[in-house]
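Participant: Coordinates for the following, if possible.
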Amino acid sequence: MTVKLVAMQSAKYRKPLSEYLDILTKSGLNSGIKGRLTNEKDGEAVTMSTVYEHIKALFDFEHLSEPQKYIMVNACLLPLSGLETGVFSDFIGLSGDCLNPDIEDLINSGWIEYADTAESQLTAETKITLHPLIGDLVRNELKPEMTEEKCGKFYEAFLNLIDEWGNLKAKGKDGLQQENRIYDLFSNIYAIYEDYHIKEAINCIVISSAGIFVKHHMIISDGAIISYFGNAKQLEIPADVTHISSSAFEVCSTLTQITIPDSVKSIGDRAFDGCSSLIKVTIPDSVTSIEWGTFSSCTSLTSVTIPDSVTSIEEYAFCGCTSLTSVMIVCVL
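Facilitator: Below is the predicted model of the structure:
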């Protein structure tokens, strides 16, 4: 692994191999190489941690431009089986031809590799990936985040893919291409972000029957929002929704504002539990009760407007709302 990547780096940046050995020496990594190579010859493998340190010393992020760093931080979400270059380019919003020169440059220098080792030409259909050690290095150094500057576009594209797949299934179509791509991408994305809402959404779509559809990352069945798996800051509930199910938006930590239409007749228990960024809520006058723990642990919630249609507020409805300073109860005489 190290030898291959050193060779690619050397060819790309036209440095002699002696310079790379010098880098290892200055990094304090060269002293044990001879012994380790002898051990490997005797049948003992070089430890992965040592190889990782070699890669870290040899692969200098300072060689990369900002666009290349952007490509790499998104590439660490790629599955080992790879993703088509054209799809990957669309996912991260690269302008122009999918055969982006920065991607080609990263392949030629060993940062990105072909998923099929027999592949030698980059096309829109060519699948690309990262070696696991390079992936670890990128995750540790560039730290993927759900922001516009890093992996936000890729993550949103993945969520849109789930929407597309769910709606194809709702129409009685298999959406096999979308399903396979989702399963390929899921492992790395879930490992990094640990968003259990995605897992729930996929499971729900897998067992779904006719009548379930997906809109703006909300899974809706017979007028009820079953689950939300997005990461929006502001969200408007569709006007044809009549019920928000239990735990539907639980722990949606990015949500700061939600608009609930008059069509909503009931909100289930713990529906917004743990929405720690939610600031303000206006409950429509079509709702008659606030259930157990509906807004519990909404630690940023400062203001709530409750209509006179509400006749009961259950226990722990606003438990842990430590920032709540204003509760307005609208009374119509």
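
Participant: how about low-confidence regions in the stretch 151-300 of the chain?
Facilitator: 208-211 (pLDDT under 70).

Participant: try it again with 90
Facilitator: 168-175, 187-188, 190-213, 215, 221-222, 231, 280-282 (pLDDT under 90).

Participant: so where do the helices sit in it?
Facilitator: 152-170, 176-193, 196-206 (DSSP state H, counting those that start in this stretch).

Participant: Among the ones you listed, which comes closest to Asp240?
Facilitator: Nearest to Asp240 among the helices of the stretch 151-300 of the chain is helix 152-170 (14.5 Å), distances taken as CB to CB. Where C-beta positions appear, they are placed from N, C-alpha and C, glycine not excepted.

Participant: Show me what counts as buried in the closest one.
Facilitator: 152-159, 161-170 (16 or more other CB atoms under 10 Å).

Participant: Next, the contact list for the nearest residue to Arg270 once chain neighbours are set aside, please.
Facilitator: Of all residues beyond its chain neighbours, the one nearest Arg270 is Gly293 (4.5 Å), with distances taken as CB to CB, 6 or more residues apart in numbering. Contact analysis of Gly293 by CB atoms under 8 Å, 6 or more residues apart in numbering lists 269-270, 273, 314-317, 319.

Participant: Look up the closest residue to the residue nearest the centre of the chain, ignoring the ones flanking it.
Facilitator: Closest to where the C-alpha atoms of the chain average out (CA atoms, centre = their mean) is Tyr155, at 4.2 Å. Leaving aside its sequence neighbours, Tyr155 sits nearest to Met146 (CB to CB, 6+ apart; 5.2 Å).

Participant: burial measure for the one you found, as a count.
Facilitator: 16 (other CB atoms under 10 Å).

Participant: Kindly report the same for the one 4 residues further on.
Facilitator: The burial count assigned to Lys150 is 18, neighbours taken as other CB under 10 Å.

Participant: who touches it in this structure?
Facilitator: So Lys150 contacts 70, 73-74, 142-144 (CB under 8 Å, 6+ apart).

Participant: Now distance to Ser300 too, for those residues, in CSV please.
Facilitator: Compiled in CSV, the contacts of Lys150 are given as follows (distance: CB to CB, whole Å):
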residue, distance to Ser300
Tyr70, 30
Val73, 28
Asn74, 30
Leu142, 29
Lys143, 25
Pro144, 25
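
Participant: Would you mind measuring from the residue nearest to Tyr155 to Gly268?
Facilitator: 27 Å (CB to CB, to the nearest Å).

Participant: do Pro132 as well
Facilitator: Distance from Pro132 to Gly268, by CB to CB: 42 Å.

Participant: what about the two, which has more around it?
Facilitator: Gly268 (19 against 12).

Participant: how many neighbours does the nearest residue to that one once chain neighbours are set aside have?
Facilitator: Once flanking residues are discounted, Gly268 sits nearest to Ser246: 3.5 Å by CB to CB, 6+ apart. Other residues near Ser246 number 17, with proximity taken as other CB under 10 Å.

Participant: Tell me who's in contact with Ser246.
Facilitator: Here Ser246 is in contact with 268-271, 291 (criterion: CB under 8 Å, 6+ apart).

Participant: just Leu159 next, same as before
Facilitator: Counting by CB under 8 Å, 6+ apart, Leu159 touches 198, 217, 229-231.

Participant: rerun at 7 Å
Facilitator: 217, 229-230 (CB atoms under 7 Å, 6 or more residues apart in numbering).

Participant: Ser303: which of these is nearest?
Facilitator: Of all those, Gly230 has the smallest distance to Ser303: 23.5 Å, by CB to CB.

Participant: thought the closest one was touching His217?
Facilitator: Yes: using CB atoms under 7 Å, Gly230 is in contact with His217, at 3.2 Å.

Participant: how is the protein carved up into domains?
Facilitator: 2-58, 62-142, 232-333 (automatic domain parsing).

Participant: Switch the ones you listed over to TSV; also include distance to Asn180.
Facilitator: Converted to TSV, the domains of the chain look like this (distance: least, CB to CB, whole Å):
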stretch	distance to Asn180
domain 2-58	30
domain 62-142	10
domain 232-333	27
